[in-house]
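[1] Please find the sequence and the predicted model below.
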Amino acid sequence: MFLILNGAPQSIPEDWADETLLSLLREAYGLSGAKFGCGVGICGACTVIVDGVATRSCVVRAGDAQGLTVRTIEGLGSAEALHPVQQAWLAAAVPQCGYCQAGQIMLAVALLEQTPRPSATDVETALDGNLCRCGTYERIRAAIQQAVELS
Ligand code: FES
Ligand code: FES
């Protein structure tokens, strides 16, 4: 079994097949950007992009990612070449504690890839349910607007 992880094939060890995709990413591959929040698909802290769709990795069985394309925040940009959404996040000073932020950013990336010029309703619909206990929602909206302008 394998998946395409941040652009490169990566094997899914047989003994990880019944774990969650989130556990596979964090514990088997050492990619700790996606976070464990609720573990039941409610909070969005674990959001990654699977085949172009923002996906809560805590409710995906690792074995079911066989053959799929998975993108995590580690594959988004580098310190030298940030993704436009990351640039916008910095410019808008979005994060507070940071725990939810990888999930928020991956959600925004998926939104802007599907809808490059989203309406306010599109943004609200996309963000709905990705929780931030620090209440950074206004700055997330501002950053998405800035990312639209940057791209
Ligand atoms: S940890 Fe996956 S949705 Fe909360
Ligand atoms: S920045 Fe703290 S939970 Fe979102």
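    Done, it's in. Everything quoted here is computed from the prediction, not taken from an experiment. Numbers count the residues shown, from 1 in each chain. Ligands and ions are numbered 1, 2, ... in the order given.
[2] contacting residues around the most centrally placed residue in the chain?
    A centroid search over the chain (C-alpha atoms, centre = their mean) returns Met106, at 2.9 Å, as the residue closest to the centre. Taking C-beta atoms under 8 Å, 6 or more residues apart in numbering, we find Met106 in contact with 34, 47-49, 54, 71-73, 76. Just so you know, the C-beta spots here come from the backbone N, C-alpha and C atoms, and that holds for glycine as well.
[3] check contacts around the closest residue in space to Cys132 that isn't next to it in sequence.
    Excluding the flanking residues, the one nearest Cys132 by C-beta to C-beta, 6 or more residues apart in numbering is Cys100, at 4.7 Å. Contact partners of Cys100, counting by C-beta under 8 Å, 6+ apart, are 35, 37, 43-45, 130-134, 136.
[4] And Cys97, how far from Lys35?
    Using C-beta to C-beta, to the nearest Å, Cys97 is found at 11 Å from Lys35.
[5] More neighbours: which of those two?
    Remark: of Cys97 and Lys35, Lys35 carries more neighbours, 20 against 10, as counted by other C-beta atoms under 10 Å.
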